[in-house]
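Colleague: Structure, please.
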Amino acid sequence: PVKMKIYNTLTKRKEEFVPITPGEVKMYVCGPTVYNLIHIGNARPMIVFDTVRRYFEHKGYKVNYVSNFTDVDDKIIKKAIEEGVDSTVISERYIAECKKDMESLNVKPATTHPQATQEICGMLDMIQELIDKGHAYAAEDGTVYFRVRSFKEYGKLSHKNLDDLEGGKRSLLVSGEDQKEDPFDFVLWKPKKDGEPYWESPWCKGRPGWHIECSVMSKKYLGEEIDIHAGGEDLVFPHHENEIAQSEAANGKTFARYWMHNAFLNIDNKKMSKSAGNFFTVRDIVAKYDPQVVRFFMLSAHYRSPLNFSDELMEAAKNGLDRIRTAAANLNFLLEKAGAGEATEEEKKLLKEAAGYAVKFDEAMDDDFNTADAIAAIFELVKFANTNAGADNSAAYIKALLEEIKELADVCGLIVEKKEEMLDEDVEALIAERQAARKAKNFARADEIRDELLERGIILEDTREGVKW
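Modeller: Below is the predicted model of the structure:
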């Protein structure tokens, strides 16, 4: 069988994927800081690494997929103070909103979604362990710093060395700088400020630094060594670099074997920023486009290539997805009309040919998850189905083609069968039937109709004025 290859940021090359435990994948993906609705840039790693996970599952791996929510942070606290509420109100609100957005983009829930504030005990333990091993120290005000020079391999992920950074260290100067032993040392625990949430610790009342969270949550839910650690390329330095330093200094083991990073998303060839006025939330975008089109668009380029978001490209993505959906709809139409019976010898030959496109799909995905080429293979299969399926084919043959298209699309998280749009008069007719059923005390049928409508996204409300939908 073809070996799966992953580009490893750590070694700067594609490597064969060999899991720590055969048949299992332990994967950690850095999730968002929840102080606002997620923006379209956050959606890229969510969709990309969800697709990576789906492909592993498609290949028969059992995937333990952990993605965190950073639910304590300066931005969350700032927003809580502005609104005059507790910071948990803000974080809980935006975790719920983030989950809604993920669901709309057909991103599967992680095996575990840990939250930083619920893992403080583990953070205190790891910080203490780092102090005991000489990798960290507490300053007079109770701030705990990681001693960067105590970890000899610091910089191995970002391929930066401390001497090169020396020149740029003026930009690293922050408050409390004078109590650090070395300008490169970073914060593991910091004292509370007025009005901020805090936790008790041996050093001071305070809260954790950002980097320690992921080291602790990854260890708790996946173990000391994991297969894949992933996130956006903006996390390589310092976040992931610092995670490696903390985890490997504390555990004395390789933290993650493969490091995967997706490239940035630009808007109309410009970096997304609020000041440039080209900042969009996922909500903004899905108000304008089918979330499935957004997903298709995100997968239309390789995850390590920068991706440019524009209305023209979204139109192209919409047309691409429509091509697949139309083919599926045509096959469904043929299936309803097709006679029963086995596939003929001729049809079996054609199905063998169709299976070749699935092989092509797998080859693309095995080569560092090349979703652009994988989608091209789906298009070839669609073209094949459009050319080689007709009214005189057997149901078994049509069904096999349809299943093939659905399965490959599903690996990409794409839903190709549309729920039929209902016409207003159909809805009204069903509502009338439900009213009649209720009058006749046939409540089972009335509930059945309500459920059927609910499945198609129509909610019924019984009001004094009658039924509204």
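
Colleague: ok, and what's touching stretch 327-338?
Modeller: Residues outside stretch 327-338 that contact it (CB atoms under 8 Å, 6 or more residues apart in numbering) are 382, 385-386, 389-391, 393-395, 398-399, 401-402, 405-406, 416-418. Using the backbone N, CA and C atoms, a C-beta is placed for each residue, glycine as well.

Colleague: quick one: which of those residues sit in helices?
Modeller: For the contacts of stretch 327-338, the ones inside helices are 382, 385-386, 395, 398-399, 401-402, 405-406, with DSSP state H as the criterion.

Colleague: okay, and for the stretch 51-200 of the chain, where does confidence drop off?
Modeller: Counting by pLDDT under 70, the stretch 51-200 of the chain contains low-confidence ranges at 167-177.

Colleague: Let's see that with 90 instead.
Modeller: Within the stretch 51-200 of the chain, the ranges that satisfy pLDDT under 90 run 161-178, 195.

Colleague: which residues of it fall in strands?
Modeller: With strands called from DSSP state E, counting those that start in this stretch, the stretch 51-200 of the chain shows them at 62-67, 136-138, 144-146, 186-191.

Colleague: would you turn the ones you listed into CSV with mean neighbour count?
Modeller: Converted to CSV, the strands of the stretch 51-200 of the chain look like this (neighbours: other CB atoms under 10 Å):
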stretch, mean neighbour count
strand 62-67, 21
strand 136-138, 20
strand 144-146, 25
strand 186-191, 22
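
Colleague: So for Met260, which of these sits nearest?
Modeller: Among the strands of the stretch 51-200 of the chain, strand 62-67 comes nearest to Met260, with 12.9 Å by CB to CB.

Colleague: elements contacting the closest one?
Modeller: Using 3 or more CB pairs under 8 Å, 6 or more residues apart in numbering; DSSP states H and E, the elements in contact with strand 62-67 are strand 24-29, helix 40-58, helix 210-222.

Colleague: tell me the angle that strand makes with helix 40-58.
Modeller: Put simply, strand 62-67 runs at 170 degrees to helix 40-58, going by axes from the mean of the first three to the mean of the last three CA atoms, to 10 degrees.

Colleague: so how far is strand 62-67 from its chain's centroid?
Modeller: When distances are taken as CA atoms, centre = their mean, to the nearest Å, strand 62-67 is centred 11 Å away from the chain's centroid.

Colleague: List the contacts of that strand.
Modeller: Identification of contacts with strand 62-67 by CB under 8 Å, 6+ apart yields 23-31, 49, 53, 56-57, 108, 110-114, 217-218, 221-222.

Colleague: Can you select the buried ones from the residues you listed in PyMOL?
Modeller: To isolate the buried members of these in PyMOL, using 16 or more other CB atoms under 10 Å:
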select buried, resi 25+26+27+28+29+30+31+49+53+56+110+111+113+114+217+218+221+222
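
Colleague: Correct me if wrong: Arg434 contacts Ala446.
Modeller: Yes. Arg434 is within contact range of Ala446, at 4.9 Å (criterion: CB atoms under 8 Å).

Colleague: who's more crowded, those two?
Modeller: Shown here are Arg434 and Ala446; by other CB atoms under 10 Å, Arg434 has more neighbours (22 against 19).

Colleague: dump the residue contacts of the closest residue to Cys98 other than its chain neighbours.
Modeller: Taking CB to CB, 6 or more residues apart in numbering, and ignoring the residues beside it in sequence, Cys98 has Ile38 as its nearest neighbour in space, at 5.3 Å. Each residue near Ile38 by CB under 8 Å, 6+ apart is listed here: 32, 46, 97-98, 101, 281-282.

Colleague: what's the pLDDT at Ile38?
Modeller: With respect to pLDDT, Ile38 scores 96.

Colleague: Walking through the stretch 351-469 of the chain, point out its helices one by one.
Modeller: Using DSSP state H, counting those that start in this stretch, the helices of the stretch 351-469 of the chain run over residues 371-388, 395-411, 424-439, 443-455.

Colleague: Out of those helices, which is closest to Asn319?
Modeller: Counting by CB to CB, Asn319 lies closest to helix 371-388 out of these; the figure is 11.3 Å.

Colleague: what's the distance between that closest one and the middle of its chain?
Modeller: Relative to its parent chain, helix 371-388 has a centroid offset of 25 Å by CA atoms, centre = their mean.

Colleague: okay, it in PDB with CA atoms only?
Modeller: Listed next in PDB are the C-alpha coordinates belonging to helix 371-388 (Å, rounded to 0.1, in the frame of the first residue of the first chain):
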ATOM      1  CA  THR A 371      -7.400  18.300  -1.000                       C
ATOM      2  CA  ALA A 372      -7.100  20.300  -4.300                       C
ATOM      3  CA  ASP A 373      -6.100  17.100  -6.200                       C
ATOM      4  CA  ALA A 374      -8.500  15.000  -4.200                       C
ATOM      5  CA  ILE A 375     -11.400  17.200  -5.300                       C
ATOM      6  CA  ALA A 376     -10.100  17.000  -8.900                       C
ATOM      7  CA  ALA A 377     -10.500  13.200  -8.600                       C
ATOM      8  CA  ILE A 378     -14.100  13.700  -7.400                       C
ATOM      9  CA  PHE A 379     -14.800  15.900 -10.500                       C
ATOM     10  CA  GLU A 380     -13.400  13.100 -12.800                       C
ATOM     11  CA  LEU A 381     -15.700  10.600 -11.100                       C
ATOM     12  CA  VAL A 382     -18.600  13.000 -11.600                       C
ATOM     13  CA  LYS A 383     -17.800  13.400 -15.200                       C
ATOM     14  CA  PHE A 384     -17.600   9.700 -15.600                       C
ATOM     15  CA  ALA A 385     -21.000   9.200 -13.900                       C
ATOM     16  CA  ASN A 386     -22.500  11.900 -16.100                       C
ATOM     17  CA  THR A 387     -21.200  10.100 -19.200                       C
ATOM     18  CA  ASN A 388     -21.800   6.500 -18.200                       C
END
